[in-house]
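Participant: Next come a sequence and a model predicted from it.
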Amino acid sequence: MVAKLKTVTLGCKVNQYETQFVREGLLSVGYRDAEEGQSADLCIVNTCTITGEGDAKSRQIIRRMNRDNPDARIVVMGCYATREPETVASLPGVAEVVTDKRELPDLLGRFGVADIPNGISGLNHRHRAYVKVQDGCLLRCSYCIIPTVRPQMFSRPMQEVLDEVRVLIDNGFREVILTGIHLGHYGVDFNRRKPKSQWTRLSTLVRAICILSPDVRVRMSSIEATEVTRELIDVMKEYPTQVCPHLHVCLQSGSDRILRGMKRRWTRRHIIDRCELVKNELHLPAFTTDVIVGFPGETDADFEDTLDACRKIGFSKIHMFPFSPRRGTPAAEMGDQVPGDVKSERGNAVSELETQLKRRYFESLIGERLQLLVEKVHDGRTATGTSCRYAPIRATISNARENSLVDVRIDSAGDVLMGQSTESSA
């Protein structure tokens, strides 16, 4: 009888990539995805610990997996498993806890996978493929628990990444999203004791992917604004139809006082100036970001500085997080914690500002020609998907096909951009 598999992932793109890595290995030795309503023999749960809510959801899903699949062996991996392995191991049905992501090949070996893959060949039910190129973080932001659960920083060899991207292209993917725990540090571990002229950087990798094939576009996931180097901007200019003019830069706060308390390494001026440099070099680039509201000691003036920085940069999307104390981080022990109702008010203000900034940016794209990745075809002539600038598009396209890249002229803007193709689907 064929063994049935279920996988569940919480958290970031790196987690989603790692789940797919394990899933593909298991499928290669005969496991098959369980169908809807079908019990599984093996459940893989990839957990998240970025917030207390992530911990709670991880426990909840493990219990649900045990309830819905009473005879299954449950293997738990991910950041919460690393942080609290004893708690995870005590949950019902848990047979194994993987506390180090470097153990994933060993995990697959224990399930009979002799030929350990070097990467993934697809991403389940997705049109855009995540490619993990880096792991680990050496920073010690005072609010963040992740460096304690992913402390070993390493980059994947560039040729290994290129081989994986080639497989993804051959399997029909037209967008790859480069992701890592600290993406901007890609290559840092390669460069020790090398002359600067021989350094490998993120810009080196992005250029190599563009050279590899003109049939794929590259998007970068979260990156620190100051790590958007001039070399990286030059690559974005050199390959304007292949490197998405979209950057997710990590703001967190627009107050220098709060940034110091967060132990961030840069000031608001550094972040704003780097975004201005990108605006000067690229045509209508899109910026998205993360913002934490209610960090300990945040005053109304500090919060206004954050809103002001968001306006100056002009983010088209803001992921807002109310500050969540994480046991084991310095910020959890700080005094002057901000009350919950104040966090809620400030969160609402960020959401209102995001709506205004998104509308303003979307309206600036009217009349522009944007590259659309078709993710869904509705009636043969109407398609929806993600633009190069990360804005959703609904467009009229003759002979529209999923996973095609199509140039679209934008006619109007609302919650989504509306337009028409300027060419045949390709």
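Facilitator: Perfect, thanks for sending it. Residues are numbered from 1 along each chain as shown.
Participant: ok, residue 337 to residue 360 distance?
Facilitator: 34 Å (CB to CB, to the nearest Å). Just so you know, the C-beta spots here come from the backbone N, C-alpha and C atoms, and that holds for glycine as well.
Participant: The two: who's more crowded?
Facilitator: Neighbour tally, residue 337 and residue 360, criterion other CB atoms under 10 Å: the higher count belongs to residue 337, 16 against 13.
Participant: That one: which element?
Facilitator: Using DSSP states H and E, residue 337 sits within no helix or strand.
Participant: How about the one 10 residues further on?
Facilitator: Of the helices and strands defined by DSSP H and E, residue 347 is found in helix 340-364.
Participant: other SSEs contacting that helix?
Facilitator: Packing partners of helix 340-364 (3 or more CB pairs under 8 Å, 6 or more residues apart in numbering; DSSP states H and E): strand 286-293, helix 300-313, strand 317-322, strand 405-413.
Participant: Tell me which of those approaches residue 55 most closely.
Facilitator: Set against residue 55 and scored by CB to CB, these come closest in strand 317-322, at 14.8 Å.
Participant: shaky segments in this protein?
Facilitator: 1, 424-426 (pLDDT under 70).
Participant: Report how many residues lie close to the closest residue to residue 231 other than its chain neighbours.
Facilitator: Using CB to CB, 6 or more residues apart in numbering and skipping residues adjacent in sequence, the residue nearest residue 231 is residue 203, 4.1 Å away. The number of residues packed near residue 203 is 22, by other CB under 10 Å.
Participant: Just read off the phi/psi values of residue 203.
Facilitator: The phi/psi pair for residue 203 (degrees, to the nearest 10) reads phi -60, psi -30.
Participant: Is it in contact with residue 229, as I believe?
Facilitator: Yes. Counting by CB atoms under 8 Å, residue 203 does reach residue 229; the two are 6.3 Å apart.
Participant: sorry, back to before: out of the helices and strands packed on helix 340-364, deepest packed?
Facilitator: Counting by mean count of other CB atoms under 10 Å, strand 286-293 has the highest mean neighbour count of those, with a mean of 22.
Participant: So what are the sheet partners of it and their directions?
Facilitator: The pairing partners recorded for strand 286-293 under DSSP bridges are strand 246-252 (parallel), strand 317-322 (parallel).
Participant: Just send those strands back as CSV, with distance to residue 355 too.
Facilitator: Putting those into CSV (distance: least, CB to CB, whole Å) gives the following:
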stretch, distance to residue 355
strand 246-252, 17
strand 317-322, 10
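Participant: Show me the one of those that comes nearest residue 404.
Facilitator: Of these, nearest to residue 404 by CB to CB is strand 246-252, at 19.3 Å.
Participant: Give me the distance from the closest one to the chain's centre.
Facilitator: Relative to its chain's centre, strand 246-252 lies at 11 Å (CA atoms, centre = their mean, to the nearest Å).
Participant: What values do phi and psi take at residue 73?
Facilitator: The phi and psi torsions at residue 73 (degrees, to the nearest 10) take the values phi -90, psi 130.
Participant: which residues touch the residue nearest to residue 326 when sequence neighbours are not counted?
Facilitator: Spatially, and ignoring its direct neighbours in sequence, residue 326 is nearest to residue 145 (4.3 Å; CB to CB, 6+ apart). By CB atoms under 8 Å, 6 or more residues apart in numbering, residue 145 lies in contact with 49, 50, 79, 83, 326, 328, 329.
Participant: does the last one really touch residue 144, like I thought?
Facilitator: By that I understand residue 329. Yes. The pair residue 329 / residue 144 is scored as a contact, 6.5 Å apart, by CB under 8 Å.
Participant: Can you give me the neighbour number for the closest residue in space to residue 279 that isn't next to it in sequence?
Facilitator: Once flanking residues are discounted, residue 279 sits nearest to residue 285: 6.2 Å by CB to CB, 6+ apart. Neighbours of residue 285 under the rule other CB under 10 Å: 21.
Participant: all helices of the stretch 151-300 of the chain, in order?
Facilitator: 158-170, 202-212, 230-238, 256-261, 268-281, 300-313 (DSSP state H, counting those that start in this stretch).
Participant: which one of these has the most crowded surroundings?
Facilitator: Highest mean neighbour count among these (mean count of other CB under 10 Å): helix 202-212, with a mean of 20.
Participant: Report the inter-axis angle for that one versus helix 158-170.
Facilitator: 40 degrees (axes from the mean of the first three to the mean of the last three CA atoms, to 10 degrees).
Participant: which secondary structure elements does helix 202-212 contact?
Facilitator: helix 158-170, strand 175-180, strand 217-220, helix 230-238.
Participant: For those, give me CSV that also has distance to residue 345.
Facilitator: Shown next, in CSV, are these (distance: least, CB to CB, whole Å):
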stretch, distance to residue 345
helix 158-170, 44
strand 175-180, 33
strand 217-220, 33
helix 230-238, 37
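Participant: Does residue 133 belong to a helix, a strand or coil?
Facilitator: Of the three states, residue 133 takes strand under DSSP: H, G, I helix; E, B strand; the rest coil.
Participant: Verify the contact between it and residue 156 for me.
Facilitator: Yes. Contact criterion CB under 8 Å: residue 133 and residue 156 qualify, at 5.3 Å.
Participant: Compare neighbour counts for the two and give me the winner.
Facilitator: Ranked by neighbour count (other CB under 10 Å), residue 133 and residue 156 place residue 133 first, with 28 against 18.
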